[in-house]
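Colleague: please work out how this folds:
(one chain, ligands or ions: 2)
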Amino acid sequence: MTSTLLRGRTLSFLRWPETVDDHSAWRYEDDGGLLLRDGRIAAAGAYADVEKKADEGVKKIDHRPHLLLPGFIDAHAHFPQMQVIASYGAELLDWLNTYTFPEETKFQNAQHGRRIARLFLDEMVRHGTTTVAAYCSVHRESAEAFFAESHDRNMLNIAGKVMMDRNAPEGVLDTPQSGYDDSKALIAEWHGKGRQHYAITPRFAITSSPEQLEMAGALCREYPDLHMQTHLSENHAEIAFTLQLYPQARDYTDVYEHYGLLGRKSLFGHCIHLSEREADALSDTGSVAVFCPTSNLFLGSGLFDYQRYRTRDKALRIAAATDVGGGTNYSMLRTMDEGYKVIALNGEKLNPFQSFWQLTRGNAEALSVVEKVGTLDQGSDADIIVLDARATPAMRLRMETADTLAEELFLLQTQGDDRAVREVYLAGRAMKSDLGLNVGL
Ligand code: GUN
Ligand code: ZN
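Modeller: Numbers count the residues shown, from 1 in each chain. Ligands and ions are numbered 1, 2, ... in the order given. Sure thing, here's the model as predicted:
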């Protein structure tokens, strides 16, 4: 296989950056090089050093003056909701019943699923997201479509068909047994195939009967290495209805706890209104709270208390995510811009290094995939993005007065979107330039 040598300003994180002066938390090379071989990063460092390790005939690509970072990771998104985005005027439960469930019934049709999966992953790549933890619809075909498209792109993704057997229209319901059987069949077919990871995905307690959550717990025990993803404590009406459906539970988290769904590979979307006991339970089990700022603002769900969760005695593991289509943008830059504002409303600040840590290494750690992605370390998969902080006239003008890397990153976060993502490499292969500007609808 041919190798590729990228040149540019490289930035990758080693740990959480405490301040903007915490230089040992990241590795930045003003003239950096990345040698890509067989889909992995074979060498990283100063360009002059890396160039010496390159094979004869290496393909050289000069991305200067742009930044080279690990690809962004989106820890929670619903691929069947591309045509739900921008649905007006409802809070969570009405939004699900009015827009989302009817839309998801369309994914009975395998061709529709394949088309939307293709367009969704194109959109991920266009926005610099190289890994996503995705919810499919209840239909096995929708997960088949997602994994087939993901595998074709050689993309490291985590996904699962949702299990839901009540409180929704007939067209989006399975049964405890069929949800279990279909999940098992999908695991057998897709988990570990290339870069694909299966996530056991009970949608949330409202749409799963106790029998179904029992089956989901059984799957987690049968496949302890798999991810589990669901929703938790997003909205007050949702919490009240859940407690009505599970009257024996101490609180919402206890519903999932009871069925053995907490753990280090368990991803809980939203977690906005947790009690201290619930936060302790998540922390004790190493479960992950997924922050979805554009969705939480759009649906009026509430303000995720990022800094409190991060710094409390029993700290939470946190990931950040778009939650498309309750979330309103595919871009992790737009997502962290809104995240910054949510955190500001809680009286705290996130510095730009912390934001970019979260979007890359932080999310990779939270999803337990940091051995593969989320850094530019030698041996990592070569999922790399090229960011241009002068992507628009207004950004170019603002960059005239930006003197530091921190200011540049903050501008990318505050004003950047897909236009700031110049190129995207998936396992060493340039993908965004392939997409061009044409959308193959
Ligand atoms: N809770 C259960 N399903 C969903 C969903 O599709 N989106 C959001 N935001 N919350 C949910
Ligand atoms: Zn969601």
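Colleague: what residues does the stretch 151-300 of the chain have near ligand 2?
Modeller: Residues of the stretch 151-300 of the chain lying close to ligand 2 by C-beta under 5 Å from the ion are Gly269. Backbone N, C-alpha and C define where each C-beta goes, glycine included.
Colleague: try 8 Å
Modeller: His231, Gly269, His270, Cys292, Ser295 (C-beta under 8 Å from the ion).
Colleague: ok, the stretch 1-150 of the chain next?
Modeller: Residues of the stretch 1-150 of the chain lying near ligand 2 (C-beta under 8 Å from the ion): His76, Ala77, His78, Tyr135.
Colleague: out of these, which are buried?
Modeller: When those are checked for burial by 16 or more other C-beta atoms under 10 Å, the buried set is His76, Ala77, His78, Tyr135.
Colleague: any idea how far ligand 1 is from the last one?
Modeller: Summarising the geometry, the distance separating Tyr135 from ligand 1, computed by C-beta to the nearest ligand atom, to the nearest Å, is 7 Å.
Colleague: which ones are touching that residue?
Modeller: Taking C-beta atoms under 8 Å, 6 or more residues apart in numbering as the criterion, Tyr135 is in contact with His76, Ala77, His78, Phe79, Pro80, Ala159, Gly160, Val162, Thr201, Arg203, Gln229.
Colleague: now the last one. Nearest residue, chain neighbours left out?
Modeller: In this case it means Gln229. Leu267 (4.3 Å; C-beta to C-beta, 6 or more residues apart in numbering).
Colleague: disregarding residues adjacent in the polypeptide, which is nearest to the one residue in the chain that gets nearest to ligand 1?
Modeller: The nearest approach of the chain to ligand 1 comes at Gly326, 3.3 Å away (C-beta to the nearest ligand atom). Computed as C-beta to C-beta, 6+ apart, the closest residue to Gly326 that is not its neighbour in sequence is Ser295, at 3.8 Å.
Colleague: quick one: contacts for that neighbour?
Modeller: Counting by C-beta under 8 Å, 6+ apart, Ser295 touches His270, Ser301, Thr322, Asp323, Gly326, Gly327, Thr328.
Colleague: how about those in CSV, adding distance to Val58?
Modeller: Conversion of those to CSV gives the following (distance: C-beta to C-beta, whole Å):
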residue, distance to Val58
His270, 46
Ser301, 49
Thr322, 36
Asp323, 40
Gly326, 44
Gly327, 40
Thr328, 42
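Colleague: just those now: which is nearest Ala430?
Modeller: Among the contacts of Ser295, Thr322 lies closest to Ala430 (C-beta to C-beta), at 23.3 Å.
Colleague: in this structure the closest one contacts Ala77, no?
Modeller: Yes. The pair Thr322 / Ala77 is scored as a contact, 5.1 Å apart, by C-beta atoms under 8 Å.
Colleague: just send the buried ones among the residues of the stretch 1-150 of the chain next to ligand 2 back as CSV, with distance to Val50, pLDDT and secondary structure too.
Modeller: Formatted as CSV, those follow (distance: C-beta to C-beta, whole Å; pLDDT from 0 to 100; DSSP: H, G, I helix; E, B strand; the rest coil):
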residue, distance to Val50, pLDDT, secondary structure
His76, 35, 99, strand
Ala77, 34, 99, strand
His78, 39, 98, strand
Tyr135, 39, 99, strand
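Colleague: now those as JSON lines including distance to Ala406?
Modeller: Listed next are these as JSON lines, based on distance: C-beta to C-beta, whole Å:
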{"residue": "His76", "distance to Ala406": "27"}
{"residue": "Ala77", "distance to Ala406": "28"}
{"residue": "His78", "distance to Ala406": "33"}
{"residue": "Tyr135", "distance to Ala406": "34"}
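Colleague: pLDDT weak spots in the chain?
Modeller: Where the chain drops to pLDDT under 70, the residues are 1, 436-441.
Colleague: show me which residues of it sit near ligand 1.
Modeller: His78, Leu92, Leu96, Thr100, Arg203, Phe204, His231, Glu234, Ser295, Asp323, Gly326 (C-beta under 6 Å from any ligand atom).
Colleague: those in strands, which ones?
Modeller: Of these, the ones assigned to strands by DSSP state E are His78, His231.
Colleague: returning to what we had before: do you know how far the residue nearest to Gly326 is from Glu56?
Modeller: Distance of Ser295 to Glu56, computed by C-beta to C-beta, to the nearest Å: 50 Å.
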